[in-house]
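**Q** Mind folding the following:
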Amino acid sequence: MQISKSEKKILLLGGLVLVLFMSASVSPTIRALYNEREGDIERVRLDIERERRLIDNTASWRERRVEAEAVASDLESQIFSGDTIPIIEANIQRALSQHARNSQITVSSTRLAERLEAQGWLLISQEMSFRTLDDGNTIRFLQLLEESSPRLWVREFSLNRSRNQYSGSITVVGFARNLDDETQRTEINS
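**A** As a prediction, the model looks like this:
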């Protein structure tokens, strides 16, 4: 069977229409698949970059954590503890008297401790009168207070000289957690 020239043109034209139809219907599907694949590749690239940043920042966050734990430990060592508030007050008075003795300062009198409670903390204030023969003893006394652990903070200080003796007074404060708040928190968590 012989195909005429006009039949060949019709078949060729039909094939061309078929190719155009196929390309028109298949091309968007191929383009959508290509675009979806490009989007997936971009998301994977972003995920990889985020993971790299997290890995790079891990060391930095570890260092920050160690620093924060050291600061927390240092702050914890600066506060007084005890089972009751009177015991904490006695601990502060004992520490103050011990630093005075270590500095060769004679304690003349001490007042009852005063306390202020706020936001889960106790601020305990202790006043003491003292005397010494050497003004250098007061310097050693203040240095011991500054280096004390738990920390005693000097709120007021006065020193007077009369003849061959120095007399003065000092008010220090120490901090402690409010035992009532801790007891309430423990009871709530139980």
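
**Q** and the nearest residue to Thr84 once chain neighbours are set aside, what is it in contact with?
**A** Counting by Cβ to Cβ, 6 or more residues apart in numbering, Thr84 lies nearest to Leu179, which is 6.7 Å off, once chain neighbours are set aside. Yep, even glycine has a C-beta here, placed from its N, CA and C like the rest. For Leu179, the contacting residues are 82-85, 88, 122, by Cβ atoms under 8 Å, 6 or more residues apart in numbering.

**Q** Got the confidence number for Leu179?
**A** Listed pLDDT for Leu179 reads 73.

**Q** What segments of the protein are strands?
**A** 106-110, 114-118, 121-132, 153-162, 165-177 (DSSP state E).

**Q** Any figure for the gap between the residue sitting nearest the centre point of the chain and Asp74?
**A** Nearest to the mean C-alpha position of the chain, by Cα atoms, centre = their mean, lies Ala68 at 5.1 Å. Separation of Ala68 from Asp74 (Cβ to Cβ, to the nearest Å) stands at 11 Å.

**Q** cool, and Val66?
**A** 13 Å.

**Q** can you tell me which residues contact the residue lying closest to Leu123 once chain neighbours are set aside?
**A** Nearest residue to Leu123, sequence neighbours excluded (Cβ to Cβ, 6+ apart): Leu116, at 4.5 Å. Leu116 is in contact with 122-123, 125, counting by Cβ under 8 Å, 6+ apart.

**Q** Buried subset of the residues you listed as a ChimeraX selection?
**A** Applying 16 or more other Cβ atoms under 10 Å to the contacts of Leu116, the buried members can be selected in ChimeraX as follows:
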select :122,125
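
**Q** Serialize the contacts of Leu116 to CSV and add fields for pLDDT and distance to Tyr34.
**A** As requested, the contacts of Leu116 are exported to CSV (pLDDT from 0 to 100; distance: Cβ to Cβ, whole Å):
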residue, pLDDT, distance to Tyr34
Leu122, 89, 70
Leu123, 90, 70
Ser125, 93, 76
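
**Q** just how off-centre is the longest helix anywhere in the chain within its chain?
**A** For the chain, the longest helix by residue count, based on DSSP state H, is helix 5-77. Here the centre of helix 5-77 is set off from its chain's centre by 38 Å, with Cα atoms, centre = their mean, to the nearest Å.

**Q** likewise stretch 128-148?
**A** Centroid separation between stretch 128-148 and its chain, computed with Cα atoms, centre = their mean, is 34 Å.

**Q** Please apply the same query to stretch 115-132.
**A** 27 Å.

**Q** Could you chop this protein up by domain?
**A** 1-77, 85-185 (automatic domain parsing).

**Q** Of the ones you listed, which stretch is the most buried?
**A** domain 85-185 (a mean of 16; mean count of other Cβ atoms under 10 Å).
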